[in-house]
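In: What follows is a predicted protein model with its sequence.
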Amino acid sequence: MVLLTSGTVSAIVTSTVVCVSTFLLFLSGYALQQKSLRDIQHALREPIYSQTPSVRSHLYAGGSGDAQQYLADSENARSSRPTNVAYLQLLTRPNPSNICSAILFYKKLAENNSAAHERLFVYPRDWDMVTFPSDEVNTALALLRAASSKYGVWLVPIDTGILHSKGYPLTDARLLRLAQIQFMPYDSVLYLRTPGYVLDVERLDQLLFSRPLPLEFDRSRPESYQNEAWIPLPLLANKNPSLPPAYLITVNPKPERVEARTHIPNVTIRGFGDLVASPSYKNPAGQGPAYAYFDVDDDGHVRWENNPYYGQWRKEQYEVCEGLDLESIDDW
Ligand SMILES: *[C@@H]1O[C@H](CO)[C@@H](O)[C@H](O)[C@H]1NC(C)=O
Ligand SMILES: *[C@@H]1O[C@H](CO)[C@@H](O)[C@H](O)[C@H]1NC(C)=O
């Protein structure tokens, strides 16, 4: 047995305290370091997440400030009330008139508070990499970029290199096929053909919100596979160059593949399937479409015959694209 003097005891106690403190210090330092490492990793991922529209729209959905309610809501959001839907327009060629038509569409959605908070514009990525020989095109694209922040539009550039390398011409259908993987964060995306004119945002929203959307295939939810309002129409991108005037796209990851479902509205349902129609359409109550898609002739000019909205559309196009000559068809 070794006798300890009080000095030795106090030395032991002191060094024990020092050891323990050092160890605790080390531990807390380690924890801190791990935490900041996570923060850094999180911050690195942040740009991707903050660009993921679902996160943004979840904020919208929780806008009432009641997080509990939102959590409860999100439990059945997928089955009943989609909160995360987007309008989509798409162009394969930078035709200034068509670009300005899309800008006008987004402006009206924003100004009239569309219930679908998300807006997407899909285009070939090449547009971001070249200066076009036409000033009209460059100006229209600059206006589109400005409009994207003003009206909350996500610009979605798509790499179309794979088509060039295979010698396939770029078509609306092929561009949509290449783009559809980008729609994963949404419950569904509703494409509307450009050029066109939205006459009534509130009625147009009914297309997305008045009837259950098919959404993801789910055996327990009959609307997902037997939906009176939405009729399946596969995207045969190599067979049909053009897209239906209104096209609902739903993309979900499944084990080992991505499920992409495409539907068109059932046009026989009045007040629903006829919300998107040609300009001359009138329902039996004398009501026109909520969104009129315009016919374009072989030269790329919008037909004004039988189009009662042509004049108003042109006038408002000039308001969003001041100084552009929209009658000339400059596109590359
Ligand atoms: C936007 O709202 C105003 C005011 O309610 C209405 O007069 C106008 O027709 C609406 N426009 C569209 C495109 O929905
Ligand atoms: C389209 O709607 C009509 C009228 O409601 C309905 O009778 C018909 O079955 C629907 N079509 C499909 C394919 O569901």
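Out: In hand now; what should we look at? Ligands and ions are numbered 1, 2, ... in the order given.

In: Every contact and neighbour count from this point should use C-alpha atoms.
Out: OK.

In: Whichever residue of the chain sits closest to ligand 1: neighbouring residues, count only.
Out: Taking Cα to the nearest ligand atom as the measure, the chain has residue 200 as its residue closest to ligand 1, at 3.3 Å. When neighbours are defined as other Cα atoms under 10 Å, residue 200 has 17 of them.

In: residues in contact with it?
Out: 290-291 (Cα atoms under 8 Å, 6 or more residues apart in numbering).

In: Distance of it relative to residue 290?
Out: Distance of residue 200 to residue 290, computed by Cα to Cα, to the nearest Å: 5 Å.

In: Now the common contact residues for those two.
Out: Counting by Cα under 8 Å, 6+ apart, residue 200 and residue 290 have no shared contacts at all.

In: what about residue 145, is that helix, strand or coil?
Out: Here residue 145 is helix, with the state taken from DSSP: H, G, I helix; E, B strand; the rest coil.

In: Distance check, the residue in the stretch 201-332 of the chain positioned nearest to ligand 2 against residue 132.
Out: The stretch 201-332 of the chain approaches ligand 2 most closely through residue 228 (3.8 Å), counting by Cα to the nearest ligand atom. As judged by Cα to Cα, residue 228 and residue 132 stand 46 Å apart.

In: Same check on residue 295?
Out: Residue 295 is 26 Å from residue 132, by Cα to Cα.

In: more neighbours, the two?
Out: residue 295 (18 against 15).

In: Now the residue of the stretch 201-332 of the chain closest to ligand 2. Nearest residue, chain neighbours left out?
Out: When the adjacent residues along the chain are set aside, residue 228 lies closest to residue 266, with 7.2 Å between them (Cα to Cα, 6 or more residues apart in numbering).

In: about what we covered before: next up, phi/psi of the residue of the stretch 201-332 of the chain closest to ligand 2, please.
Out: Residue 228 adopts backbone torsions of phi -60, psi -40, taken as degrees, to the nearest 10.

In: got it, and residue 189?
Out: phi -130, psi 130.

In: residues near it, how many?
Out: 27.

In: Residue 328 now?
Out: Residue 328, neighbours per other Cα under 10 Å, totals 13.

In: Distance check, it against residue 306.
Out: 21 Å.

In: Equivalent analysis for residue 148, please.
Out: The value you get for residue 148 to residue 306, if Cα to Cα is used, is 32 Å.

In: For these two, indicate the residue with more neighbours.
Out: residue 148 (19 against 11).

In: Which residue comes closest to that one once chain neighbours are left out?
Out: The shortest distance from residue 148 to any non-neighbouring residue, by Cα to Cα, 6+ apart, is to residue 154 (6.5 Å).

In: So in terms of bridging, what pairs with the one you found?
Out: residue 120 (DSSP bridges).

In: wait, it sits on residue 119?
Out: Yes: between residue 154 and residue 119 there is a contact at 6.1 Å, judged by Cα atoms under 8 Å.
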